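Visitor: Structure for the following, please:
(one chain, ligands or ions: 1)
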Amino acid sequence: MTSLSRASAPAKAILVGEHFVVAGCPAIAVAVDVRARAEARLLAEEGVVEVSSRELGSGTFGAQADPRSPLYPVYAAARAVLARAHLNLGLEVRVESDIPPGAGMGSSAAVAVATVAATASLLGLRLSLEEVSSLAYEAEVVVHGRPSGIDNTVSTYGGAIYYRRGEGFVRLEADLEPVRIVLADSGIPRSTGEMVSKVLALKSRHQGVVDRIYDAAARLVEAARDAIERGDYETLGELMNINHGLLSALGVSNAKLEELVYAARAAGALGAKITGAGGGGMVLALAWKEDAEEVARALAKVSGRVILAPISSEGVRGEG
Ligand code: PMV
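Guide: Numbers count the residues shown, from 1 in each chain. Below is the predicted model:
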């Protein structure tokens, strides 16, 4: 055991396939190099976990931990590692995150992944990536019900992840260095659950028509996978634009999201689309590394928050 351990984990963004994935189509998500960090120390008092967050304040959790506390997920992640190590030591866990919360970027999963890794390293517990991901998932389940598992997977493994509900995940072999991700916030809050219900209701009202859109989306994701593996980012961008059109057809776009998408394309993005649930939240643009600043500048004129970042081929990592 050491006296202090640190780890960090990246955010996620869905590149193609959101919504369609709910009905069994594949999707691809990438790790975005905006990170959550966790730092773990031992405390003298057994069975107590003190959590502090730069964003959310601090709290102490013992046997009677309150699951409604915003800090509870951090506690749950640390607790999952202690349980795995069959230990009941006292811990202090500090977290901070550069990932905007509630924006579909997997901020809670990244915090959970970083917390699991920092705590395991503090306890001298050598976990495989699979174990880190599944302990972080356990903490997510406590808080979010039954998430798909994509957020903790992307945050743990990094890179580009192809997935289909109920099946495993495939980490794609890809050289992601030539491109950058630019995310722009619409400033409009949205509820993923509501958007999913809205789309499913449309699907059931127009089954025969909408099923064709789902077919197209499934083929599009396969073509996108192929483009990523070949490093053909022009084709990937074009497919992302088509994906945006399909999402608009499902009714999850709006005037603000369209404004952001068109601003990114006009500034030279390879492709731009809604990412995640839509109705608000973020737009994602893919750009050549050389063009990304220009795309970010154009988006900053119409968005209150723009994030320019590489795709992180590295997932969770120790921070010395
Ligand atoms: O809003 P986000 O990024 O958490 O993504 C939601 C993705 C959906 O496909 C719309 C829902 C889901 O559970 O996959």
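Visitor: pLDDT score for P147?
Guide: P147 carries a pLDDT score of 78 in this model.
Visitor: scratch that, L286
Guide: Here, the pLDDT recorded for L286 equals 98.
Visitor: got the CA positions of the helix or strand harbouring it in CSV?
Guide: Using DSSP states H and E, L286 falls within strand 282-288. This file holds the C-alpha atoms of strand 282-288, laid out as CSV (Å, rounded to 0.1, in the frame of the first residue of the first chain):
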residue,chain,number,x,y,z
MET,A,282,-24.2,18.9,-27.4
VAL,A,283,-23.3,18.9,-31.0
LEU,A,284,-20.1,17.0,-32.1
ALA,A,285,-17.9,18.0,-35.0
LEU,A,286,-15.0,16.0,-36.4
ALA,A,287,-12.2,18.0,-38.0
TRP,A,288,-8.7,17.5,-39.2
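Visitor: For that strand, buried residues please.
Guide: For strand 282-288, the buried set under the neighbour-count rule, 16 or more other CB atoms under 10 Å, comprises M282, V283, L284, A285, L286, A287, W288. In this view, the C-beta of every residue, glycine as well, is placed from N, C-alpha and C.
Visitor: so the last one makes contact with Y233?
Guide: So the one you mean is W288. Yes. Assessed by CB atoms under 8 Å, W288 is found in contact with Y233 at 7.3 Å.
Visitor: Now for those two: what residues contact both?
Guide: Residues touching both W288 and Y233 by CB atoms under 8 Å, 6 or more residues apart in numbering: P178, V179, L270.
Visitor: And those, which is closest to the ligand?
Guide: V179 (19.9 Å; CB to the nearest ligand atom).
Visitor: Once you drop chain neighbours, what's closest to that closest one?
Guide: Nearest residue to V179, sequence neighbours excluded (CB to CB, 6 or more residues apart in numbering): Y233, at 5.2 Å.
Visitor: wait, that neighbour sits on A224?
Guide: No. Counting by CB under 8 Å, Y233 sits too far from A224 to count as a contact (10.5 Å).
Visitor: and those two? which has more neighbours close in?
Guide: A224 (29 against 21; other CB atoms under 10 Å).
Visitor: Output the contacting helices and strands for the helix or strand hosting that one.
Guide: A224 is located in helix 207-230, with elements delineated by DSSP H and E. When contacts are defined as 3 or more CB pairs under 8 Å, 6 or more residues apart in numbering; DSSP states H and E, helix 207-230 sits against strand 4-16, strand 27-43, strand 160-163, helix 192-205, helix 233-249.
Visitor: Need the CA coordinates for the shortest one. PDB is fine.
Guide: Output in PDB follows, covering the C-alpha atoms of strand 160-163 (Å, rounded to 0.1, in the frame of the first residue of the first chain):
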ATOM      1  CA  ALA A 160     -13.100   4.100 -30.300                       C
ATOM      2  CA  ILE A 161     -15.500   1.500 -29.100                       C
ATOM      3  CA  TYR A 162     -18.000  -0.300 -31.300                       C
ATOM      4  CA  TYR A 163     -20.900  -1.800 -29.300                       C
END
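Visitor: Which element is encountered next along the chain beyond it?
Guide: Counting by DSSP H and E, what follows strand 160-163 is strand 169-171.
Visitor: wait, does that next one contact the ligand?
Guide: No. If you take CB under 6 Å from any ligand atom as the test, strand 169-171 misses the ligand, and the best it gets is 13.4 Å.
Visitor: That strand pairs with which strands?
Guide: strand 160-163 (antiparallel) (DSSP bridges).
Visitor: if we can go back for a sec, what about the helix holding A224, average pLDDT?
Guide: So the average pLDDT for helix 207-230 ends up being 98.
Visitor: what is the orientation angle of it with strand 4-16?
Guide: Relative orientation of helix 207-230 versus strand 4-16 (axes from the mean of the first three to the mean of the last three CA atoms, to 10 degrees): 130 degrees.
Visitor: so where's the stretch 101-250 of the chain uncertain?
Guide: Of all residues in the stretch 101-250 of the chain, none has pLDDT under 70.
Visitor: Counting neighbours, what do you get for the residue of it found nearest the ligand?
Guide: Nearest residue of the stretch 101-250 of the chain to the ligand, counting by CB to the nearest ligand atom: G104, 2.7 Å away. G104: 24 surrounding residues under other CB under 10 Å.
Visitor: Over to it. Which of the three states is it?
Guide: Under DSSP: H, G, I helix; E, B strand; the rest coil, G104 falls in the coil class.
Visitor: Now the closest residue to the ligand within the stretch 151-300 of the chain: closest residue in space that isn't a chain neighbour?
Guide: Taking CB to the nearest ligand atom, the ligand has its nearest neighbour within the stretch 151-300 of the chain at G276, 2.6 Å off. The spatially closest residue to G276, leaving aside those adjacent along the chain, is G104, at 3.0 Å (CB to CB, 6+ apart).
Visitor: Quick check, the one you found in contact with S191.
Guide: No. With contacts counted by CB under 8 Å, G104 stays clear of S191, the gap being 11.0 Å.
Visitor: what do these two both touch?
Guide: A277.
Visitor: Would you tell me what helix or strand V81 is located in?
Guide: Using DSSP H and E, V81 falls in helix 72-84.
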